[in-house]
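> sharing a sequence plus its predicted fold:
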Amino acid sequence: MKLLKNISDGLLSRSKKIEKRNASRAVLFDNEGLIPLLFVSKFNYHKLPGGGVEEGENEMEALDREILEETGCKGEITREIGRVIEFRSKWNLFQTSRCYAGKIISKGKQSFTKKETDQGFKLVWTSLDDAITQLKKDKPQNYEGTFIQKRDLRFLEEVKNRNLAKGTEEGL
């Protein structure tokens, strides 16, 4: 999968254990051309649905689970978008996020985790252009949000650059 961006705020410490995390994310279009975004109200930023791959899961199983939990939707993945690597020195974390594009197959009710509820997660539906504009304007108020904003903005811009919102690239 194509590397789209490296994001880093410093060097990881080799004297401490480096945590490695794999994650999957998605840009999914409904029949009206809208995509789901999550607004993290406690920390003032938006993010794509997705999250970490848990033990015993593969990447696509994790993505399906996260999409269902965070949006209440079932999606059909049709394209690889790319990957972003993050080096978060404060947490000594090396994270690789892989992003996919696809379509919403059905909508339902989300089931946020306690942490997501505590952070004020809210599901919003928006156009791709409005999502890009919103992420550019966001001012995250926590460490993690600054990484998420850069990462997810890069994924959204790649989808726009490849004209996937209009379905002009084969397969979407």
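Here it is on my side, so go on. Keep in mind it's a predicted model, so treat the numbers as computed, not measured. Numbering: from 1, shown residues only.
> so, low pLDDT: which residues of the chain?
Low-confidence segments of the chain, defined by pLDDT under 70, span residues 12-13, 165-172.
> can you tell me the closest non-neighbouring residue to Ile132?
Leaving aside its sequence neighbours, Ile132 sits nearest to Leu156 (CB to CB, 6 or more residues apart in numbering; 5.0 Å). (C-beta placed from N, C-alpha, C; glycine too.)
> give me the neighbour count for Phe94.
Counted with other CB atoms under 10 Å, residues neighbouring Phe94 total 16.
> that one is in contact with Val84, isn't it?
No. Between Phe94 and Val84 there is no contact under CB atoms under 8 Å: 12.0 Å.
> point to the residue nearest the middle of this structure.
The residue lying closest to the centre of the chain (CA atoms, centre = their mean) is Leu48, at 3.4 Å.
> now do the contacts for that residue.
Arg25, Ala26, Val27, Leu37, Leu38, Cys99, Asp152, Phe155, Leu156 (CB atoms under 8 Å, 6 or more residues apart in numbering).
> Ile132 touches Glu157, doesn't it?
Yes. In this structure, Ile132 is within contact of Glu157 by CB under 8 Å, at 6.3 Å.
> can you confirm the residue nearest to Ile132 is in a strand?
No. Under DSSP: H, G, I helix; E, B strand; the rest coil, Leu156 falls outside any strand and is assigned helix.
> report how many residues lie close to it.
Here the count is done by other CB under 10 Å, and Leu156 has 26 residues near it.
> among the contacts of Leu48, which are in strands?
Those of the contacts of Leu48 mapping onto strands are Arg25, Ala26, Val27, Leu37, Leu38, Cys99, per DSSP state E.
> which two of those have the greatest separation?
Leu38 and Cys99 (14.5 Å; CB to CB).
> higher neighbour count, the two?
The neighbour comparison of Leu38 against Cys99 (other CB under 10 Å) goes to Cys99, with 27 against 24.
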